[in-house]
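>>> Need coordinates for the below:
(one chain, ligands or ions: 1)
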Amino acid sequence: MLAEKLERKSFNWTRDASLPSRGSMESFLASPFATIGIHAIDRNWRALRKGTALPFYEDVVLGRASRVGSNIALVRLRRADWTIMFAGEEFEAWIGGKAQGQIISSLKLDCRLTLQGAMREALETACPVHAVAHSVHLGYVHIYDLVVYPLANRWGEPILLVYVGHRKETYSLIDAIFASSLDGLLALAPVKSADGAVVDFQVVSLNDSAARIVAREAEQIRWQLISELFPLLATEGALDRLVAMHSAGTTDHFEVDYLRADGETAHFSVHAAAMEDLIAISLVDITAIKRREASFRLLFQDNPLPMMVYDAATLDLLDINKATVEHYGYSREAMLALSMLDIRPREDRASARVAMLDPHAMPNSGDIWRHLRADGSTIDVQVYSRAVDFHGKPARIAAYVDVTERRKIEARISHMAHHDALTGLPNRTLLLEHLRKTLSQCERRDSTAAIHYIDLDFFKDVNDTLGHPVGDRLLGQVADRLREAVRDNDVVSRLGGDEFCVLQPDLGDVGEANALAERIIKVVSAPYEIEGHQVIIGASVGIAIAPADGETADALLKNVDMAMYRAKEDGRGVARFFQADMDAKVQARRELEMDLRAALVRGEFELHYQPVVAVESGEVSAFEALLRWRHPTRGMVPPDRFIPVAEQVGLIVPIGEWVLRTACREAANWPATIRVAVNLSAVQFKGGKLAAIVASALAEAGLAPRRLELEITESVLLRDSDSNLNHLNQLRALGTRISMDDFGTGYSSLSYLRSFPFDKIKIDRSFVKDVAGSQGDGAIVRAVAGLGTSLGMITTAEGVETREQLARVVADGCTEIQGYLFGRPVPAGEVQDTLERIRLMDKGQN
Ligand SMILES: Nc1nc2c(ncn2[C@@H]2O[C@H](COP(=O)(O)O[C@H]3[C@@H](O)[C@H](n4cnc5c(=O)[nH]c(N)nc54)O[C@@H]3COP(=O)(O)O)[C@@H](O)[C@H]2O)c(=O)[nH]1
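Here you go, the predicted model:
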């Protein structure tokens with residue numbers, strides 16, 4: 001408690017380096033600084049101490065301390081202040097004035113701090129405590145030993161006996177500082193020529209640090225000329241400045257470089273002051289600072305990245321490096337007159353101000369900003385910045401990486417990843433993103449949207465016949481037409497191949513979706529002019545309504561795809577809405593398609609042959625080969641069911657080739673007068689290999705070309721007529737016969753007769769069916785038969801089932817008859833029987 005009453009401040013009394021420490025009484029008493037008097041007091045104090053009880057003040061002091069009376073003071077607590085009761089002259093010399101009645105806390109700082117510290121420790125430990133105090137007087141340092149003895153007081157609080165002993169040695173503070181300074185310090189006297197001009201300087205005094213700079217001992221240099229032994233200051237520039245400064249009696253500050261003996265260049269800051277006829281010089285080694293400056297220059301000024309320092313409060317530019325000047329195109333002066341906001345595009349400035357001034361919104365390193373260059377162009381820069389102190393101001397230093405090109409490339413890559421390269425339309429990935437957004441919009445706003453799946457009709461034909469470059473141009477034009485046909489917020493995309501999608505958000509009613517689909521079909525079906533070709537295609541459109549027809553983007557796409565398939569199946573060029581049962585139908589169709597692919601490999605196809613009878617001879621002139629599919633579980637699948645599917649997926653090409661080769665091979669076993677008729681699909685004309693396949697089939701079977709009749713329908717001449725006519729001519733050139741099948745069912749059958757010299761016209765059975773009852777049908781059969789006769793073509797009446805029909809078509813001029821009346825299609829093994837049966841029929845035996 002008593003100890004705590006002493007001022008609690010930081011007591012930084014100094015310790016004597018020659019003594020172990022305060023409190024180490026034994027060391028002090030053993031030192032030469034302990035006087036006889038202090039030895040006596042100490043002995044007395046220890047002798048009178050009983051165990052831990054302090055000796056009484058009277059016993060220690062009264063009559064016994066007289067020998068050291070001038071060195072001691074008695075301190076006791078009076079009215080809460082430690083007060084000096086008595087003090088001798090030595091003590092008063094130490095504190096520098098009268099002591100009696102002084103309170104300790106009012107003593108000068110150097111004395112007070114040491115005394116208070118020792119007193120507190122003496123009270124706390126109840127032991128004598130030694131301390132060393134220093135005081136400075138007239139530039140000299142005086143050292144005092146202080147010993148504090150705690151004493152018991154019969155009438156109150158303990159009393160403290162303070163002994164102060166002045167060591168008889170002093171030292172010069174200036175000398176100490178001079179000697180200990182790490183800076184080089186010198187005093188120079190001028191050396192004058194005969195005419196009184198200063199020509200050199202003599203080193204009058206110097207410290208060891210100065211001598212170390214020139215790698216010598218101070219004693220070697222003292223009284224020597226700087227030109228001889230202190231070359232650092234004798235360079236032309238330095239000497240001139242010292243001479244000028246000396247004559248002006250002023251001060252000067254400059255820097256000098258000094259090549260040291262080890263070959264390194266050191267840099268010094270020279271502060272010189274003229275004092276009467278002398279010059280006082282301090283040399284500060286600034287080599288490290290210079291190196292740091294050089295590093296900074298390298299890192300900042302010479303950095304290839306643009307770097308700027310700006311005021312953290314005003315955002316004014318404070319410094320910029322060379323790369324900034326080069327990259328931004330402003331002059332250094334012009335740019336330093338700007339603020340960081342001036343180099344941001346106008347529309348970014350408000351947010352930039354917030355970001356750069358609000359410490360909470362401080363931009364992250366790596367953020368990308370837009371900057372303006374002097375020519376007004378905008379660049380994207382990635383920023384790396386940190387706080388710095390710039391000449392005492394809070395500032396930020398920032399390096400900027402120009403990522404404009406990188407961002408452009410990234411944007412291009414992103415665009416490429418989301419767009420179709422040919423048409424520039426969004427691709428499937430982006431469409432799916434739009435679909436997802438539209439679906440969540442539908443949910444939020446309780447709205448609906450339509451998705452149109454567009455498949456181009458006959459696009460493949462264009463590609464196959466006119467080539468891919470024309471196909472590509474066509475797709476580009478389709479894309480343009482679709483873009484023009486939709487509203488601004490509708491999204492047109494290309495899914496690949498000849499498949500497009502239109503997303504129609506915010507649908508008012510289903511009628512709007514239907515109207516758009518009709519518009520799409522109309523615009524896509526209008527003729528195109530490409531590289532001198534007039535191209536006509538169509539569009540089949542599936543429509544699904546979101547969210548009713550699918551709650552996810554994938555489900556919607558799957559369902560709209562089914563709707564489009566239905567449109568295709570329903571004759572193309574039409575639009576069909578998705579219906580829930582389509583799924584099952586599409587599934588069934590897919591299974592049929594898969595079975596069909598396997599059928600050829602598994603040998604499930606066979607050919608049946610139907611006789612064709614010549615009217616004139618009454619004998620079989622030919623057999624028509626008709627394809628049959630015997631499926632292990634489906635049973636006999638009729639050609640009407642699988643041939644359209646085979647045509648759609650292109651399987652008709654290998655299947656048709658199998659038919660050709662099989663028919664030729666089997667016909668080669670028949671009587672030489674009997675021909676075989678093979679149906680060709682329009683799809684088989686694509687690819688340009690048909691004539692080669694026919695030639696190969698004939699050669700392989702050893703069948704005379706004239707015994708092969710190739711039946712085509714008008715669909716072959718409907719599209720790509722030039723190319724297909726060319727193929728027909730090639731087939732004709734092989735020596736085969738070409739028949740026009742299903743005549744009369746097409747759009748302009750007569751005009752086709754003009755385009756190619758057919759060998760035979762087969763009048764469709766729909767005309768034959770009512771030939772007896774319908775005057776119109778009879779007239780048509782008659783007209784076609786007449787036409788055939790005049791053009792030198794055979795005319796075959798198809799589907800003759802009755803004798804009445806037979807009589808009419810013969811009377812109308814048909815030259816060949818085919819129908820159930822003469823026989824249904826039979827397997828190859830029954831051809832001979834059929835021939836026999838018809839011969840007998842002709843002879844009236846059946
Ligand atoms: N591209 C290919 N098409 C082929 C091939 N094989 C057949 N087909 C075509 O499939 C369609 C259906 O053929 P199919 O079921 O074989 O019917 C043929 C005859 O059975 C039938 N026919 C003949 N006479 C009568 C009759 O008196 N009544 C009646 N109801 N039907 C009869 O007509 C079909 C033959 O017609 P056509 O080809 O026009 O001469 C059919 O379009 C076939 O062309 C093939 O290998 N490739």
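
>>> what residues are up against the residue sitting nearest the centre point of the chain?
By C-alpha atoms, centre = their mean, the chain has its centre lying nearest to residue 410, at 7.6 Å. Residues near residue 410 by C-beta atoms under 8 Å, 6 or more residues apart in numbering: none. Backbone N, C-alpha and C define where each C-beta goes, glycine included.

>>> Name the helix or strand for it, please.
According to DSSP states H and E, residue 410 maps onto helix 404-418.

>>> So what's the gap between that helix and the chain middle?
10 Å (C-alpha atoms, centre = their mean, to the nearest Å).

>>> What's the first helix or strand after it?
helix 428-445.

>>> Export that following helix to PDB, keeping only CA atoms.
The C-alpha trace of helix 428-445 is given here as PDB (Å, rounded to 0.1, in the frame of the first residue of the first chain):
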ATOM      1  CA  ARG A 428     -29.100 -25.300 -78.300                       C
ATOM      2  CA  THR A 429     -27.200 -24.300 -75.200                       C
ATOM      3  CA  LEU A 430     -28.400 -20.700 -75.200                       C
ATOM      4  CA  LEU A 431     -31.900 -21.800 -76.200                       C
ATOM      5  CA  LEU A 432     -32.000 -24.100 -73.200                       C
ATOM      6  CA  GLU A 433     -31.000 -21.100 -71.000                       C
ATOM      7  CA  HIS A 434     -33.700 -18.900 -72.600                       C
ATOM      8  CA  LEU A 435     -36.200 -21.700 -72.100                       C
ATOM      9  CA  ARG A 436     -35.300 -22.100 -68.400                       C
ATOM     10  CA  LYS A 437     -35.700 -18.300 -67.900                       C
ATOM     11  CA  THR A 438     -39.000 -18.300 -69.700                       C
ATOM     12  CA  LEU A 439     -40.300 -21.200 -67.600                       C
ATOM     13  CA  SER A 440     -39.500 -19.400 -64.400                       C
ATOM     14  CA  GLN A 441     -41.000 -16.200 -65.800                       C
ATOM     15  CA  CYS A 442     -44.200 -18.200 -66.600                       C
ATOM     16  CA  GLU A 443     -44.300 -19.400 -63.000                       C
ATOM     17  CA  ARG A 444     -43.700 -15.900 -61.600                       C
ATOM     18  CA  ARG A 445     -46.200 -14.100 -63.800                       C
END
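
>>> Between helix 404-418 and that helix, find me the angle.
80 degrees (axes from the mean of the first three to the mean of the last three C-alpha atoms, to 10 degrees).

>>> From the ligand, how far out is residue 453?
Distance check for residue 453 against the ligand: by C-beta to the nearest ligand atom, to the nearest Å, it reads 29 Å.

>>> Show the average pLDDT along the helix or strand that that residue is a member of.
According to DSSP H and E, residue 453 maps onto strand 449-457. Average pLDDT, strand 449-457: 97.

>>> what comes into contact with whatever helix or strand comes next after it?
The helix or strand immediately downstream of strand 449-457 is helix 459-466, counting by DSSP H and E. Under the criterion C-beta under 8 Å, 6+ apart, residues 470-471, 474-475, 497-498, 530-531, 533, 535, 537, 686-687, 719-720, 723 lie in contact with helix 459-466.

>>> Narrow those to those that are buried.
Buried members of these, counted by 16 or more other C-beta atoms under 10 Å: 470, 471, 474, 475, 498, 530, 535, 537, 686, 719, 720, 723.

>>> among these, which two are most distant?
475 and 723 (20.1 Å; C-beta to C-beta).

>>> sec struct for residue 813, please.
coil (DSSP: H, G, I helix; E, B strand; the rest coil).

>>> Repeat that for the one 4 residues further on.
Here residue 817 takes the strand state, with states given by three-state DSSP.

>>> residue ranges with poor pLDDT in this structure?
Residue ranges of the chain with pLDDT under 70: 1-23, 63-67, 359-365, 719-720, 746-749, 844-846.

>>> Okay, domains of it per the record?
Listed by automatic domain parsing, the domain ranges of the chain are 2-170, 181-285, 291-407, 419-578, 594-842.

>>> related to what we said a few turns ago, looking at the contacts of helix 459-466, spot the one nearest residue 424.
For the contacts of helix 459-466, the nearest to residue 424 is residue 475 (11.1 Å; C-beta to C-beta).

>>> isn't the closest one right next to residue 422, touching?
Yes. Here residue 475 lies in contact with residue 422, judged by C-beta atoms under 8 Å, at a distance of 5.8 Å.

>>> list residues touching both of those two?
Shared contacts of residue 475 and residue 422 (C-beta under 8 Å, 6+ apart): residue 494.

>>> Find the nearest non-adjacent residue to residue 165, please.
Excluding the flanking residues, the one nearest residue 165 by C-beta to C-beta, 6 or more residues apart in numbering is residue 145, at 4.5 Å.

>>> Tell me which residues touch residue 169, please.
Contacts of residue 169 (C-beta under 8 Å, 6+ apart): residue 143.
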